[in-house]
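Engineer: Coordinates only, no sequence provided:
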């Protein structure tokens with residue numbers, strides 16, 4: 001009897017977990033684990049503009065990460081700094097920092113754009129239900145927050161950018 005109860009509890013917990021975290025889609029599932037293991041979305045090809053390719057963006061990681069299948073590797077030197085903030089009580093993790101747009105052929109005239117669970121299609125982050133990311137080539141900055149709860153990943157201000165929407169350290 002105790003075994004059946006334990007088995008039923010385990011199955012219920014597994015179903016609850018699977019229903020809140022989407023399945024990994026190759027090239028569309030990122031990971032944010034630490035300052036040395038992370039991914040961000042970028043345009044699908046070198047030199048593409050951010051806003052013009054939001055629906056076709058791909059995941060790029062700083063190294064191979066099993067929970068981000070099909071991710072490409074970020075160009076060497078593209079990410080210049082990574083500052084991590086974690087709010088365990090609220091269920092979110094964030095990285096912010098500087099990029100070198102030239103390493104991916106991004107233009108200084110590109111104001112960038114916002115990636116989230118709707119842009120690109122099928123986008124997600126392993127272990128989190130929501131995310132919001134900005135890449136701003138004109139400012140040479142980026143930011144990413146992954147969240148357990150929607151209220152901590154604001155997606156209603158797509159033109160406001162990193163500093164206003166997520167704050168953080170951009171040194």
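Structural biologist: It's in. It should be emphasised that the depicted structure is a prediction, and the values quoted were computed from it without experimental measurement. Numbers count the residues shown, from 1 in each chain.

Engineer: drop to CA atoms for contacts and neighbour counts, all remaining ones
Structural biologist: Will do.

Engineer: Tell me which stretches of the chain form helices.
Structural biologist: Using DSSP state H, the helices of the chain run over residues 2-20, 161-165.

Engineer: Which of those helices has the lowest mean pLDDT?
Structural biologist: Among those, helix 2-20 carries the lowest mean pLDDT, at a mean of 38.

Engineer: so where's this structure uncertain?
Structural biologist: 1-22 (pLDDT under 70).

Engineer: Swap in 50 and give it another go.
Structural biologist: Per-residue confidence for the chain (pLDDT under 50) gives these ranges: 1-21.

Engineer: Can you show me the strands along it?
Structural biologist: 29-30, 32-34, 37-42, 58-61, 72-73, 83-87, 92-98, 113-116, 124-125, 130-136, 141-147 (DSSP state E).

Engineer: And these: which comes nearest residue 159?
Structural biologist: The closest of these to residue 159 is strand 113-116. By C-alpha to C-alpha, the value is 7.1 Å.

Engineer: Leaving out chain neighbours, which residue sits closest to residue 85?
Structural biologist: residue 94 (5.1 Å; C-alpha to C-alpha, 6 or more residues apart in numbering).

Engineer: so what's that neighbour bridging to?
Structural biologist: Beta-bridge pairing for residue 94 (DSSP bridges): residue 85, residue 145.

Engineer: neighbours around it, how many?
Structural biologist: 26 (other C-alpha atoms under 10 Å).

Engineer: next one: the one 5 residues further on
Structural biologist: When neighbours are counted by other C-alpha under 10 Å, residue 99 registers 22.
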